[in-house]
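Undergrad: coordinates for the following, if possible.
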Amino acid sequence: MTRRRTFGNLFDRRVKIGLGATIVAGVVLMAILAPLLAPHDPFKQNLMFRLQPPVWSEPGSWTYPLGTDNYGRDLLSRLIYGSRLSIMVGVSAALLSAVLGTALGMLAGFKGGRLEQVIMRFADAHLAFPEVLLAILIIASIGGSALNLILVLGVSGWMVYARVMYNMTRSLRERPFIEAAVSHGAGDLYIIGRHIFPQLVPVLTVVGTLQVAQMILQETALSFLGLGLPPPTATWGNMLAEGRDRLWVAPWIANLSGLAIIIVVWGINMLGNGLREQLDPKSRQRS
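TA: Numbering: from 1, shown residues only. Take a look at the predicted model:
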């Protein structure tokens, strides 16, 4: 029984990592090769073929395999190009959050004192304010663009990294090898960069992976509300908003864009959960 449970747990983690990595790699590759994969110009309008259904519905055709939108634009091409913006905004915003949160969290955990109180109380106050609501307020004030989305989402999500990095840095600060480095006269920056940060990289990777999915969802929500990139930019959120108004006439517009969002976010979460289980000591012991 123990061997079966051990093999099953290991297999589950491998499946999660493998399946998640496959989905993520496929979407990234699709985004990179968008000009080669897209069968049509995603912005080209052809009103003669507006609201053309997918190929599996009558009178769909292989000219537009996934159908067209209200302006006759090819949905397959727009989905492919939309992956570019979703991946770019999600990864960039998560990276910005990681840099800010990790730096502030390590600084608070290592230095302690008043600096710790200021940083962590500010993080607590920020956590009490919903991230999406804060993003909506800022984007509504400064306008929607790719750069603004990255900055707003990145700044609104740093607290998660700060809290995790603070707790781990505070724990590592009391370890004997840190005390030995201090006794030998090592500076703060050297200790943080040489001894503390490498210990945080595995956890930072897991948190960052899960945060990418969160950033993609937030970007989609802002675009759906009309606060993201303005039309006719091809984003999954814009396509979802366009399909909402024609849900009974052309349900494939909203369904396909929603399905793309679900698959990508599910794949990223699968990868993040698999990595988390792989790095969890208790999970390894059970295996």
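Undergrad: where does Glu58 sit: helix, strand or coil?
TA: coil (DSSP: H, G, I helix; E, B strand; the rest coil).
Undergrad: distance check, it against Leu104.
TA: Per CB to CB, to the nearest Å, Glu58 is found 58 Å from Leu104. Any C-beta I mention is one placed from the backbone N, CA and C, and that applies to glycine too.
Undergrad: would you mind telling me which of these two has the busier surroundings?
TA: Neighbours per residue (other CB atoms under 10 Å) separate Glu58 from Leu104, with Leu104 holding more: 22 against 7.
Undergrad: where does that one land in three-state SS?
TA: Taking three-state DSSP as the rule, one finds Leu104 in the helix state.
Undergrad: who's in contact with it?
TA: 119, 123, 158, 162, 165 (CB atoms under 8 Å, 6 or more residues apart in numbering).
Undergrad: wait, the third one sits on Ala93?
TA: The reference is to Trp158. No - shown here, Trp158 and Ala93 do not form a contact pair, counting by CB atoms under 8 Å, at 10.3 Å.
Undergrad: between those two, which has more neighbouring residues?
TA: Neighbour count, other CB under 10 Å: between Trp158 and Ala93, Ala93 has more, with 27 against 22.
Undergrad: what residues of the helix or strand hosting that one count as buried?
TA: Assigned by DSSP states H and E, Ala93 falls within helix 75-111. Neighbour-count burial for helix 75-111, counted by 16 or more other CB atoms under 10 Å, picks out 75-87, 89-98, 100-110.
Undergrad: ok, now stretch 64-78?
TA: Counting neighbours by 16+ other CB under 10 Å, stretch 64-78 gives 64, 66-78 as buried.
Undergrad: one more: stretch 51-63?
TA: Buried, per 16+ other CB under 10 Å, within stretch 51-63: 51-55, 60.
Undergrad: mean confidence (pLDDT) on it, please.
TA: Averaged across stretch 51-63, the pLDDT comes to 86.
Undergrad: endpoints of it, how far apart?
TA: 13 Å (CA to CA, to the nearest Å).
Undergrad: which residues are contacting that stretch?
TA: Contacts for stretch 51-63 (CB under 8 Å, 6+ apart): 49, 64-70, 72, 246, 249-250, 252, 256.
Undergrad: same thing but 7 Å
TA: Under the contact criterion CB atoms under 7 Å, 6 or more residues apart in numbering, stretch 51-63 has outside partners 64-68, 70, 249-250, 252.
Undergrad: from those, which two are the most distant?
TA: By the measure CB to CB, Pro65 and Val249 form the most distant pair in those, at 19.6 Å.
Undergrad: how about the helices in the stretch 51-200 of the chain?
TA: Using DSSP state H, counting those that start in this stretch, the helices assigned to the stretch 51-200 of the chain run over residues 75-111, 113-127, 131-142, 146-156, 158-173, 176-183, 188-191, 197-224.
Undergrad: can I get the ones you listed in CSV with mean pLDDT?
TA: Output for the helices of the stretch 51-200 of the chain, formatted as CSV (pLDDT from 0 to 100):
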stretch, mean pLDDT
helix 75-111, 90
helix 113-127, 85
helix 131-142, 79
helix 146-156, 86
helix 158-173, 87
helix 176-183, 75
helix 188-191, 76
helix 197-224, 87
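Undergrad: how about these in CSV, adding distance to Ile32?
TA: Shown next, in CSV, are these (distance: least, CB to CB, whole Å):
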stretch, distance to Ile32
helix 75-111, 8
helix 113-127, 34
helix 131-142, 27
helix 146-156, 17
helix 158-173, 27
helix 176-183, 42
helix 188-191, 36
helix 197-224, 16
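Undergrad: of all those helices, which one is nearest Ile263?
TA: Comparing the helices of the stretch 51-200 of the chain under CB to CB, the one sitting nearest is helix 75-111, at 10.5 Å.
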